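Novice: Sequence plus the predicted model coming up.
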Amino acid sequence: MGGTLTGIFGVLGAFGLSASAGLNAYIPLLVVALLAKFTNTITLASPFDALESWWTIGVLIVLSVVEIVADKVPAVDHVNDIVQSVIRPVAGAIIFAASANIITDISPVLSLICGLLVAGSVHATKALVVRPAVNVSTAGVGAPVVSTAEDASAVAISVLSVVAPILMVILVFLLIWLIAWIVRKRRSKKEARLKKENYEQQL
């Protein structure tokens, strides 16, 4: 029973980490690297234990800072999302396979595919739905605020995915609800604008 629960928590954590990679490619990798190096919470199997290297940690810190800053600047954030269309899914694949030692229980290929799909889906939703809606409705002013919320969510989801997967699931569902609310609100405003334009044309 204990082994089964551990396996379930491991899978939940892996999904959470790869979802986090869809928001920010480097934050979940950095969180896992730091937790693996300084705590006993997670133990990385070879070859993923390379994440614990000081060189790797240093590079992840630099890349995290670059992405965090770039994602706060209107127009630059769009270019960043295009570049990250490859990096985030790959990061999700790596972190899924590396996290919680599920690489020893699930086929490495299946792990990589799952991580790729999860991170890719989150990234696509962010880049193609949420961010354009925010940029259009706020003329780009809301981008830094939303980006900061995404970074905070990526950190929270990454940490909870390792230490408390159940809480992570709750947080992810809340984020999904928030995204759905933003999409509905955007559609409602668009429909209201179209009705107003049609009404004015009829007059």
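Specialist: Noted; the coordinates are in hand.

Novice: drop to CA atoms for contacts and neighbour counts, all remaining ones
Specialist: Noted.

Novice: Arg186: which element?
Specialist: helix 165-202 (DSSP states H and E).

Novice: Now that helix: buried residues?
Specialist: Pro165, Met168, Val169, Leu171, Val172, Ile179, Ile182, Arg186 (16 or more other Cα atoms under 10 Å).

Novice: same question, stretch 11-27
Specialist: 11-27.

Novice: where does Ala25 land in three-state SS?
Specialist: Put simply, Ala25 is coil when judged by DSSP: H, G, I helix; E, B strand; the rest coil.

Novice: I meant to write Asn80 there.
Specialist: Using three-state DSSP, the structure places Asn80 in helix.

Novice: Go ahead and confirm it touches Lys72.
Specialist: No. The criterion here is Cα atoms under 8 Å, and Asn80 misses it with Lys72 at 10.0 Å.

Novice: between these two, who's got more neighbours?
Specialist: Legend: neighbour count by other Cα atoms under 10 Å for Asn80 and Lys72, higher for Lys72 (19 against 16).

Novice: Which parts of the chain are helices?
Specialist: 2-23, 27-38, 54-70, 76-98, 108-125, 131-138, 143-163, 165-202 (DSSP state H).

Novice: Which among the ones you listed is found nearest to Phe48?
Specialist: helix 76-98 (5.7 Å; Cα to Cα).

Novice: what about this protein, any weak spots by pLDDT?
Specialist: 1-9, 100-107, 137, 139-140, 183, 199-203 (pLDDT under 70).

Novice: Return the list of helices and strands in contact with the helix holding Arg186.
Specialist: helix 2-23, helix 131-138, helix 143-163 (3 or more Cα pairs under 8 Å, 6 or more residues apart in numbering; DSSP states H and E).

Novice: now those helices as a markdown table including distance to Ser99?
Specialist: Shown next, in a markdown table, are the helices and strands packed on helix 165-202 (distance: least, Cα to Cα, whole Å):
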| stretch | distance to Ser99 |
| --- | --- |
| helix 2-23 | 6 |
| helix 131-138 | 28 |
| helix 143-163 | 8 |
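
Novice: hey, which of the ones you listed is tucked in deepest?
Specialist: helix 2-23 (a mean of 24; mean count of other Cα atoms under 10 Å).
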